[in-house]
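J.: Everything below, folded, please.
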Amino acid sequence: MLTEDVLKESLAFLRSKGFGDAEVGIILGTGLGQFVDEITIEAVAHYHHIPFFPISTVEYHSGKLLYGTLQGKKVVVMQGRFHLYEGYDFVELTYPIRVMHALGINKLLVSNAAGAINPDYEKGDLLLIDDHINLQGGSPLAFSNVSEFGPRFVDMICPYDAELSKIVEEKASSVGIKLHRGVYAAVIGPQLETRAEYRMLRILGADAVGMSTVPEVIVANQLNLPVLAISVLTDECDPDHLQPINVPEIMEIAKASEPKLIQLFKSVI
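T.: Sure thing, here's the model as predicted:
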């Protein structure tokens, strides 16, 4: 059960490992690991050492919390995130957001790898998430003592911060980075969608689909943290021309697109 004492224990451990106050929290998605090379790292904590932290079970997620300096700002970075398909519940997989908030962050930058539903999008493009559709069947705010951590009924009329989005769009335009703006649909996974499901997602108004991000964004909104989220589009989900999943190709596309993502995140920071 999530309590203030649980949160304090995690925070005390991180303080003992050299984590100081941070301004910006960053979540690195699948295949997006080069970002850490941009950070002057001052402290590292492996997830399995942090009290009450979940443990990342995904092959492509490192499983470390990093603290350091980037662009003159103190940042705390999740190198690897958690998903429902790993067997965690919503409260567990969003616990790191609450820990980063306890460390003092006042902005949250989120990245993920996603599939392109919009036929105008291509592999390697970036999507600035403007809104989302929660198809994961639950909420990270649906627990008995949620009011101890913020309002129970969180307004999601504008879950992604307009000011941060404007900064990123202006930067992308100035350096010639193709940046779409659209709607991200979150599903449970880990299986990919059927052709009929991709058609359904398009009808619902989704531009991209993935298996993360939305629970984290909901918690950030409860904590009044302005959020920026960008997807790297690693595959094209055209139901009439589907190809078998190619995980190595997805990882390569994420890796190749990451410098653009880094440039945009650095412009915000």
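J.: Helix, strand, or coil at the residue nearest to Leu14 when sequence neighbours are not counted?
T.: Nearest residue to Leu14 in three dimensions, chain neighbours excluded: Ala45, at 5.9 Å (Cβ to Cβ, 6 or more residues apart in numbering). In this view, the C-beta of every residue, glycine as well, is placed from N, C-alpha and C. Classification of Ala45 by DSSP: H, G, I helix; E, B strand; the rest coil places it in strand.
J.: which residues does Ala45 contact?
T.: 13-14, 17, 19, 64-65 (Cβ atoms under 8 Å, 6 or more residues apart in numbering).
J.: Val175: how many residues sit nearby?
T.: Here the count is done by other Cβ atoms under 10 Å, and Val175 has 11 residues near it.
J.: Is it in contact with Gln263, as I believe?
T.: Yes. Using Cβ atoms under 8 Å, Val175 is in contact with Gln263, at 6.7 Å.
J.: show me where pLDDT drops low in this protein?
T.: Applying pLDDT under 70 to the chain flags residues 31, 57-62.
J.: residue nearest the centroid of it?
T.: When Cα atoms, centre = their mean is applied to the chain, the residue found nearest the centroid is Val110 (3.7 Å).
J.: From the chain's centroid, how far away is the helix or strand hosting Gln263?
T.: Assigned by DSSP states H and E, Gln263 belongs to helix 247-268. Offset of helix 247-268 from its chain centre (Cα atoms, centre = their mean, to the nearest Å): 13 Å.
J.: Convert that helix to CSV, retaining C-alpha atoms only.
T.: The C-alpha trace of helix 247-268 is given here as CSV (Å, rounded to 0.1, in the frame of the first residue of the first chain):
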residue,chain,number,x,y,z
VAL,A,247,12.4,-6.2,-32.7
PRO,A,248,16.1,-5.5,-33.8
GLU,A,249,14.8,-3.1,-36.4
ILE,A,250,12.6,-1.3,-33.9
MET,A,251,15.6,-0.9,-31.6
GLU,A,252,17.8,0.4,-34.5
ILE,A,253,15.1,2.9,-35.5
ALA,A,254,14.8,4.1,-31.9
LYS,A,255,18.6,4.5,-31.7
ALA,A,256,18.8,6.3,-35.0
SER,A,257,16.1,8.8,-34.1
GLU,A,258,17.3,9.4,-30.5
PRO,A,259,19.7,12.3,-31.4
LYS,A,260,16.6,14.3,-32.6
LEU,A,261,14.8,13.5,-29.4
ILE,A,262,17.9,14.5,-27.3
GLN,A,263,18.1,17.8,-29.1
LEU,A,264,14.5,18.6,-28.4
PHE,A,265,14.6,17.7,-24.8
LYS,A,266,17.8,19.7,-24.3
SER,A,267,16.1,22.7,-25.8
VAL,A,268,13.3,22.5,-23.2
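J.: Asn246: neighbouring residues, count only.
T.: A count of nearby residues for Asn246, using other Cβ under 10 Å, gives 12.
J.: Also the one 5 residues further on?
T.: Here the number of neighbours of Met251 (other Cβ under 10 Å) works out to 18.
J.: and the gap between it and Val76?
T.: 25 Å (Cβ to Cβ, to the nearest Å).
J.: And for Gly137?
T.: Counting by Cβ to Cβ, the gap from Gly137 to Val76 is 29 Å.
J.: out of the two, which sits in the more crowded spot?
T.: Val76 (26 against 9).
J.: Outside of the helix or strand containing that one itself, list whatever touches it.
T.: Assessed by DSSP H and E, Val76 sits inside strand 73-79. Residues outside strand 73-79 that contact it (Cβ under 8 Å, 6+ apart): 19-28, 33, 35-36, 39, 61-69, 96, 100, 103, 105, 269.
J.: So among these, which ones count as buried?
T.: 19, 22-28, 33, 35-36, 39, 61, 63-68, 96, 100, 103, 105, 269 (16 or more other Cβ atoms under 10 Å).
J.: Next secondary structure after the strand holding Val76?
T.: Counting by DSSP H and E, what follows strand 73-79 is helix 90-93.
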